[in-house]
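A.B. asks: this is the structure alone, sequence omitted:
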Ligand SMILES: Nc1ncnc2c1ncn2[C@@H]1O[C@H](COP(=O)(O)OP(=O)(O)OP(=O)(O)O)[C@@H](O)[C@H]1O
Ligand SMILES: Nc1ncnc2c1ncn2[C@@H]1O[C@H](COP(=O)(O)OP(=O)(O)OP(=O)(O)O)[C@@H](O)[C@H]1O
Ligand SMILES: [Mg+2]
Ligand SMILES: [Mg+2]
């Protein structure tokens, strides 16, 4: 990674739910073009972190900056309009639409039609629609489910719905994509393909921040990793560094995962 | 104990299960793997009575149960831990677990409470959040809850749809051990659908690969672990991804 | 229930079968048009209790008339519609009556809202329309002139209010509480009260409304109690008035209670029970027909209508039915005199009818007054152990 | 790819509406029954309200039980401005629509923070408040006595008094309303709206400003209702508050659901069904069961409504469409489900 | 002193109104909790209960028996309604189901006119109804009945939903019917059960109201709307909270009417409702919804 301009920085971020401190004073910086992983045991606060970055939850304290602009208090749709999109751990597809419409909706912010021009159906509107549709097909091809384009989204198997969410997040050409457990529900072959898709998108200039429990994937594609446990950051570094970190091993990886360790070390 | 004969299931026009055959005896653990959309969830759903088989039969203890509805399945001890967790989001963790024992709560009051303690021992994390609405838990915590809820039913046949999904590596290992123990100590029969093929085959007695609604490879888990085709499809990840 | 379900929302009927054949063969009178009488009533919905007796009365009278050979030997074809107490339905029905059925005369419009919605059509299609709704607006336009094609049978609320005010003045009850139901019936009464009370030297110490769905009016009555009026006027129809009057009794308020003519049915006594005792109200003469002096010109008409209705439907006649009866009889008189020419009918009613002794009262319709009733068409009555007793 | 590809998900052909309306506008050539036209006019009023409501309910997933209020605001604006102040009816209609839009905006901003039934109730409450105000502000509205003497509408000296002329007037409005909303639905805006029903959180995450869209559609539907109310006022020349009770709002919703809430044609079909069913029941119930009253029609109406919805839970139009597509689809291409799915997905138009 | 007695009087009225709304609101909540449907026919159950009871009394059935019988009859009607309408249409969208309940309420109202006509009818009070005077304010025994019954129902519901297993499983059905099925719970049975219970409670409400304000075929509509308001103020999913909401509304209405104006009573009530919704969109006593991503 040659250019090391930070794109997202999180400073002393904290989230308290009632009495529970879900995220506790976490800071890190993601550089442009990076693939950045957040790992940690269940309930560590990873999704909560994502929710704060994308504005779904307000933070209790701390700051989030995206390209030097402060994100706190911004609404999710505003954050999306700034160029951050995401996928969801528990899948949030628009199940009342077909697959392609799902993806076209993802392109929402790249389009200009408003209620008046739409109502009058100016020629520009039609042009824009066609263009978006073509791009949607491309996005679906990229994740490998273009043959399902005209299916209703809720009939897709679990794994394909994950891919659909990724296509939907990617179509608007965001600067930063947050993926919450993208590999969950995919087998190794499929994960492998997805990894390639991600790498390709990175080539196009997207930055990725992702949460994943599949260590093989994490170790193989991430440039940097942050580990949180119980809301607290307990480690940060390259995959190699993380694997050496005894605290991380004890809290998360388990010490007898030797075979895996050897594979990357 | 469980016998599946030439099972076919459709979703609307779509022919999803295309003649499934297998047989399981008491205390056996079967791992099912297969790619996305192969029909794994549909198979479990059909066995649990969620989907109606369009032809073929399911026999349990020599009885034909193909047409039984879900409630009947549950009361005969056939329990499904479904895809997507399906937590009762506004009910507390405790209530969620208790409802797992719904079908035997009245008969078996005392045991239910013992079981409850046991499940909490297995998932100490849940113990700290008994009164939190289930829907507010983290993904992994919800997964634990779903598995715990399945265990609360004291299943005779337990079917788990990707139980390791969203769980941290440490926990996955624990869960596999628990499942093994359930078979060995209680004589439960388990069908495990997993994407984490290695972990699953390590504890399973037998395994099979599902593709396009058919079982294409099946054998003991040892055989499968060493099957080159399986290896290529399921364990080759690291090298390939390292670009 | 049987008799009340005897009405239908659209029945083209020429009463009895043989009569129908007569109709087909009967020699047309005048200009040869059949006599088409359209009745539009609220026989279901909110105002059903009013609309039902109207419908029944019309059916009864048409049947009788046809059996007796019709008008000038021609059968009457009665077409009735139910407007479901809904304004839009009333408009549709009226439109159908005027364009499809080409009515000779339209009688109906049970409630003011519906009558008001219907009457522009009557004016537009130049068809005589005899309204059974109470509001003064029905026959008087904005400028205070009579509407050309509309006549109205019931007394104005104004007459009832004036009658009550007269009574209060006689009894020297000058400080009163005015309570009305919060709908057009209630506010209509209230407007008249505000207009005429000063003339009679009556002062309202409190004026307020209650809902038609009132369950408990005590909160309102606590305020009345504080003002300590000489009398309470409760202006509403049966159900809500019963609740309010019951509550007045429960709060042990001792002053006289006056009510509107809207509660003048047996039902009120049934629902209010003991609380109904000593309630004083203005009412048409129907309820007290028996106790009228023999010299009263209306007595005979009243008794015969009442008997005919009770015999046929096996229930006591209602004041609302009398409006329909008068409307029908006036229409018949006009048609007898002028045939089916609509303009002629209208002119007849306006100019040539003269004094007409009806069931509701004595009508003196003139070009300026398309109702023609006076306050003396009301009697003040007091309820005493379930009976209506003429109040001196 | 070209515009053909869009056809795979949206049927944007303008042919359907044009055929429909040309046929409709030809009715006066074959019939001159004023009664028929007054019924069709009534259908038109309701349909105009329902078009907006359908978009709101079916596409933005928001239930409003308060649209009678906007209908009323339009009617009273027209009544007061023309009746009392002598303004030109067209000006009054526009002012009424502006008032409704502003009110919708004011009500909508806090209301759309609510979800599901809370919203239904908030709008119901709003409707009842407005109704009460119509009644209580009697110096302006005439209170319960109603407002009398609303002048007819006219254009270039032509007065819309006859039923036929009014029939044209209202249905032209309906025609443009249909085109306009249909275009909206088959666009970025429509997807934005539907995404709200699919998953609010995900809609938010792809940058759909939920609040804004819901508000825009709410305002649009309020304007439709208001215009319809204004036209009604000029048609009947007398209005009173009881026309705008909560029940009216509920009946609008019934029409929308009966017709099919995911389809703008549903609003026309629903409105027509509602009015025609009433007229038909009025005609036939007494034939089948002489000697029963209007009450029986109510029972029938209720039961028919329930039966319709049990057997056609998505309403009449989608059911009709399914029949058509079953009939048409003899040669399925690669995905056997494809055409039905896309038809369902877009709630496309019948032709 | 006079002010105090007026306040007392208003409080009594408010409690009575509240009790009436509460009994119907409970039915709302029970059905909503189990099926996720807002049952617009809930007020009609009260109407049917009241009118059935009156008819039975007119046939010389003793009052207490008439009340029990009418509860049973209406509960049965509720059961039939659930089986024929809700159950058959259970796969439809919730909006459709709501409209179905509206359709049913329309049909029931028409049916009531056919059977009982449009006239007001009354029921004798449950016990001797001599007003009791407390600090110059009067209280009727029938009002005490109304309040008493709703308090008892409140306690029962609180116990049922919070402390019984069946109560929990009822809730489970609406939160996630699919999972409920997987636990062996039969949501359809639960839905039947819920509708029967709410119909019964509704009928009871009707018999309580009839002696106070009479009964007509169209009494259900407004009752239903007010009860709906009460339920929402309480939080819609929580029966005890709905009852609390009902009392709140009742008292608010009584005081508005007693101290200000009756015409604007509804405006005040609904403005209050809107205020609550805007400040606390999930209702005053809502439980956490358990929704996150
Ligand atoms: N709204 C909430 N109210 C209370 N506690 C919450 C809420 N949301 C999350 N939590 C708690 O905060 C903690 C962190 O949750 P989070 O979802 O961020 O975990 P996670 O790291 O994503 O875990 P997983 O890997 O299992 O998805 C968990 O213990 C969770 O129960
Ligand atoms: N409700 C449904 N309606 C229509 N088609 C369905 C439905 N559910 C599943 N399918 C289809 O059935 C096929 C098998 O789906 P299934 O969910 O069983 O796959 P799976 O093996 O579990 O995949 P995954 O690993 O992604 O969970 C898929 O093609 C899917 O599109
Ligand atoms: Mg998470
Ligand atoms: Mg699956």
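C.D. replies: Cool, the structure landed. Source: prediction; values computed, not measured. Residues are numbered from 1 along each chain as shown, chains lettered A, B, ... in the order given. Ligands and ions are numbered 1, 2, ... in the order given.

A.B. asks: what about the chain, any weak spots by pLDDT?
C.D. replies: You didn't say which chain, so I picked chain A. Low-confidence segments of chain A (pLDDT under 70): A:1-3, A:254-265.

A.B. asks: wrong chain, I was asking about chain E
C.D. replies: E:1-2, E:262-263, E:282-293.

A.B. asks: who in chain B is up against chain E?
C.D. replies: Contact residues (CB under 8 Å from any CB of the partner chain) of chain B with chain E: B:48, B:50, B:70-71, B:74-75, B:79-80, B:82, B:86-91, B:95, B:98-100, B:102-103, B:105, B:133-136, B:149, B:153. Bear in mind the C-beta positions are built from the backbone N, C-alpha and C, glycine included.

A.B. asks: keep only those of those residues that are in strands.
C.D. replies: B:79-80 (DSSP state E).

A.B. asks: PyMOL command for the buried members of the residues of chain B next to chain E?
C.D. replies: Of these, the buried ones go into a single PyMOL selection, burial set by 16 or more other CB atoms under 10 Å in any protein chain shown:
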select buried, chain B and resi 48+50+70+71+74+79+80+82+86+87+88+89+90+91+95+98+99+100+102+103+105+133+134+135+136+149+153
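
A.B. asks: near ligand 1, list only the ones from the residues of chain B next to chain E.
C.D. replies: residue B:136 (CB under 6 Å from any ligand atom).

A.B. asks: among the residues of chain B next to chain E, which ones are in helices?
C.D. replies: B:48, B:70-71, B:74-75, B:95, B:98-100, B:149 (DSSP state H).

A.B. asks: where do the strands sit along the stretch 151-265 of chain A?
C.D. replies: A:176-180, A:207-211, A:224-229, A:232-237 (DSSP state E, counting those that start in this stretch).

A.B. asks: quick check: residue D:21 touching residue D:175?
C.D. replies: Yes: using CB atoms under 8 Å, residue D:21 is in contact with residue D:175, at 5.0 Å.

A.B. asks: ok so, going back, relative to residue B:7, which of the strands of the stretch 151-265 of chain A is closest?
C.D. replies: strand A:176-180 (34.9 Å; CB to CB).

A.B. asks: can you name every helix or strand that the helix or strand hosting residue A:38 contacts?
C.D. replies: Using DSSP states H and E, residue A:38 maps to strand A:35-39. Under the contact criterion of 3 or more CB pairs under 8 Å, 6 or more residues apart in numbering or on different chains; DSSP states H and E, strand A:35-39 touches helix A:46-53, helix A:188-203, strand A:207-211, helix A:215-221, strand A:224-229.

A.B. asks: just to revisit the earlier point, any chance of the ones in helices among the residues of chain B next to chain E in JSON lines with pLDDT and distance to chain D as columns?
C.D. replies: Output for those, formatted as JSON lines (pLDDT from 0 to 100; distance: CB to the nearest CB, whole Å):
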{"residue": "B:48", "pLDDT": "89", "distance to chain D": "25"}
{"residue": "B:70", "pLDDT": "86", "distance to chain D": "23"}
{"residue": "B:71", "pLDDT": "85", "distance to chain D": "24"}
{"residue": "B:74", "pLDDT": "87", "distance to chain D": "28"}
{"residue": "B:75", "pLDDT": "85", "distance to chain D": "30"}
{"residue": "B:95", "pLDDT": "88", "distance to chain D": "23"}
{"residue": "B:98", "pLDDT": "87", "distance to chain D": "28"}
{"residue": "B:99", "pLDDT": "88", "distance to chain D": "24"}
{"residue": "B:100", "pLDDT": "86", "distance to chain D": "28"}
{"residue": "B:149", "pLDDT": "90", "distance to chain D": "25"}
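
A.B. asks: ok, now which ones touch residue 149?
C.D. replies: Here I'm looking at chain A. A:98-100, A:136-137, A:140 (CB atoms under 8 Å, 6 or more residues apart in numbering or on different chains).

A.B. asks: not what I meant, chain C
C.D. replies: C:119, C:122-123, C:126-129, C:346.

A.B. asks: most neighbours among those, which one?
C.D. replies: residue C:129 (31 neighbours; other CB atoms under 10 Å in any protein chain shown).

A.B. asks: for the residue in the stretch 1-150 of chain A positioned nearest to ligand 4, which non-adjacent residue is closest in space?
C.D. replies: The stretch 1-150 of chain A approaches ligand 4 most closely through residue A:91 (11.8 Å), counting by CB to the ion. Here the nearest residue to residue A:91 in space, its sequence neighbours aside, is residue A:161; by CB to CB, 6 or more residues apart in numbering or on different chains that works out to 5.4 Å.

A.B. asks: the one you found: neighbour count?
C.D. replies: 25.

A.B. asks: next: residue B:65.
C.D. replies: 17.

A.B. asks: just residue B:25 next, same as before
C.D. replies: Neighbours of residue B:25 using other CB under 10 Å come to 11.

A.B. asks: was I right to think it contacts residue B:3?
C.D. replies: No: the pair residue B:25 / residue B:3 is not scored as a contact, 9.8 Å apart, by CB under 8 Å.

A.B. asks: ok, and the closest non-adjacent residue to residue 120?
C.D. replies: The chain I'm using is chain A. residue D:183 is the one closest to residue A:120 (CB to CB, 6+ apart), at 6.9 Å.

A.B. asks: my bad, chain C
C.D. replies: residue D:237 (4.8 Å).

A.B. asks: how close does that neighbour get to residue C:116?
C.D. replies: Using CB to CB, to the nearest Å, residue D:237 is found at 9 Å from residue C:116.

A.B. asks: mutual contacts of the two, please.
C.D. replies: residue D:148.

A.B. asks: what count of nearby residues applies to the closest residue to chain A within the stretch 251-392 of chain C?
C.D. replies: Residue nearest to chain A within the stretch 251-392 of chain C: residue C:342 (49.0 Å; CB to the nearest CB). Neighbours of residue C:342 under the rule other CB under 10 Å: 19.

A.B. asks: residue A:146 too?
C.D. replies: So residue A:146, with other CB under 10 Å, has 17 neighbours.

A.B. asks: look up how far ligand 1 lies from the closest residue to it other than its chain neighbours.
C.D. replies: The shortest distance from residue A:146 to any non-neighbouring residue, by CB to CB, 6+ apart, is to residue A:140 (4.0 Å). In this view, residue A:140 and ligand 1 are 27 Å apart by CB to the nearest ligand atom, to the nearest Å.

A.B. asks: ok so, going back, for the residue nearest to residue A:120, pull up the helix or strand it's in.
C.D. replies: Counting by DSSP H and E, the element that carries residue D:183 is helix D:163-185.

A.B. asks: what mean pLDDT does that helix get?
C.D. replies: Taken as a whole, helix D:163-185 has an average pLDDT of 89.

A.B. asks: next, the buried residues of that helix.
C.D. replies: So helix D:163-185, judged by 16+ other CB under 10 Å, has buried residues D:163-171, D:173-175, D:177-185.

A.B. asks: equivalent analysis for stretch D:196-212, please.
C.D. replies: D:196-211.

A.B. asks: can you show me the strands along chain E?
C.D. replies: Under DSSP E, chain E gives strands at E:132-134, E:137-139.

A.B. asks: roughly how far out does stretch D:177-194 sit from the chain middle?
C.D. replies: Centroid displacement of stretch D:177-194 relative to its chain, using CA atoms, centre = their mean, to the nearest Å, is 15 Å.

A.B. asks: ok, now stretch E:99-119?
C.D. replies: Per CA atoms, centre = their mean, the centroid offset for stretch E:99-119 relative to its chain is 18 Å.

A.B. asks: list the contacts of the closest residue to ligand 3 within the stretch 1-150 of chain A.
C.D. replies: At 3.1 Å from ligand 3, residue A:47 is the closest residue in the stretch 1-150 of chain A, using CB to the ion. Contacts of residue A:47 were listed using CB under 8 Å, 6+ apart, and they are A:89, A:180, A:211, B:138-139, E:293.

A.B. asks: any of those buried? List them.
C.D. replies: For the contacts of residue A:47, a burial check counting by 16+ other CB under 10 Å picks out A:89, A:180, A:211, B:138-139, E:293.

A.B. asks: of the residues you listed, which is the nearest to chain C?
C.D. replies: residue E:293 (44.7 Å).
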